[in-house]
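1. Curious how this folds, go ahead:
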Amino acid sequence: MRFLFVGDSMTIGRAGDFTWRFRMWQHLAASFGGPFRIVGPRTEVYDTFANAPVSSTYGDPAFPPKAHKHLAGWGEGWLHMAPLIRETVTATRPDVLLVSLGLIDLGFYTDATQTARNARHFIAEARAANPHIRAVLLPVIPNIRAETDPAFAAECDHFNELLAKAVADLDAPASPVLLASHPTAYDIHTDTYDGTHPGPTGEHKLAAAFADAMHQAWGVGARYESHASPVTA
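-> Here you go, the predicted model:
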């Protein structure tokens, strides 16, 4: 089974981060029970000094370069990924998309309604390349801005409602779409380093949200908690 991570700055990570992609790779290596591969057109993490995704320095050197692959970008959202996903699926042939997008859209580019349209377009484009693609979508986790900006908080909530409706509308036996649960006990004050981007505990909780959704719905792997401590760096 081939997995493609799709996301924004929370997914690509900074130079020196472990990333939740690494936590998921660890989990799959421990629990999948068969061959799997991480695929994608990009491998780098974001270098804040260069202000560009040019670093190959992950937090754990045991993370093998072949598993660094992804389709994630600092400042990129559904708006940016929808035009790329068809060619990416064609080129890298993933079976499962693990998608964490939306916060950057709502913060800078599009309102909840348009963001939801872009999410639907993304799924349609992925299916155009592979009619049997599977996808797990993570709801938007409101960041620290939502604590002082009620309008932004409302847009996050509205988008999550629209995303849940999109998943219900688009889920199909030949190409299932799952909505992962909000990460259990996720606290932006302790699970992120700046109110948005995950630190080690947040990375584990994001990976767990995807892993548990796949295990519960499809029997893929095992429950995340049985393979990784949520407090291990």
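2. need the contact list for the nearest residue to Asp47 once chain neighbours are set aside.
-> Spatial nearest neighbour of Asp47, chain neighbours left out: Ser55 (4.2 Å); criterion: Cβ to Cβ, 6 or more residues apart in numbering. All C-beta atoms are positioned from the backbone trio N, CA, C, and that covers glycine. Contacts here follow Cβ atoms under 8 Å, 6 or more residues apart in numbering; on that basis Ser55 touches 14-15, 44-47.
3. What of Phe22?
-> Phe22 touches 58-60, 63, 67, 203, counting by Cβ under 8 Å, 6+ apart.
4. between those, which is nearest Leu106?
-> Glu203 (22.0 Å; Cβ to Cβ).
5. Which positions in the longest helix belonging to the chain come out as buried?
-> Using DSSP state H, we find that the single longest helix of the chain is helix 150-170. By neighbour count with 16 or more other Cβ atoms under 10 Å, helix 150-170 contains the buried residues 152-153, 155-156, 158-160, 162-163, 166-167, 170.
6. Show me what that helix is packed against.
-> In terms of contacts (3 or more Cβ pairs under 8 Å, 6 or more residues apart in numbering; DSSP states H and E), helix 150-170 is packed against helix 112-129, helix 145-148, strand 177-179.
7. Now the ones you listed in TSV, please, with extra columns for mean pLDDT, distance to His80 and mean neighbour count.
-> TSV is the format used below for the helices and strands packed on helix 150-170 (pLDDT from 0 to 100; distance: least, Cβ to Cβ, whole Å; neighbours: other Cβ atoms under 10 Å):
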stretch	mean pLDDT	distance to His80	mean neighbour count
helix 112-129	98	9	19
helix 145-148	96	20	14
strand 177-179	98	20	20
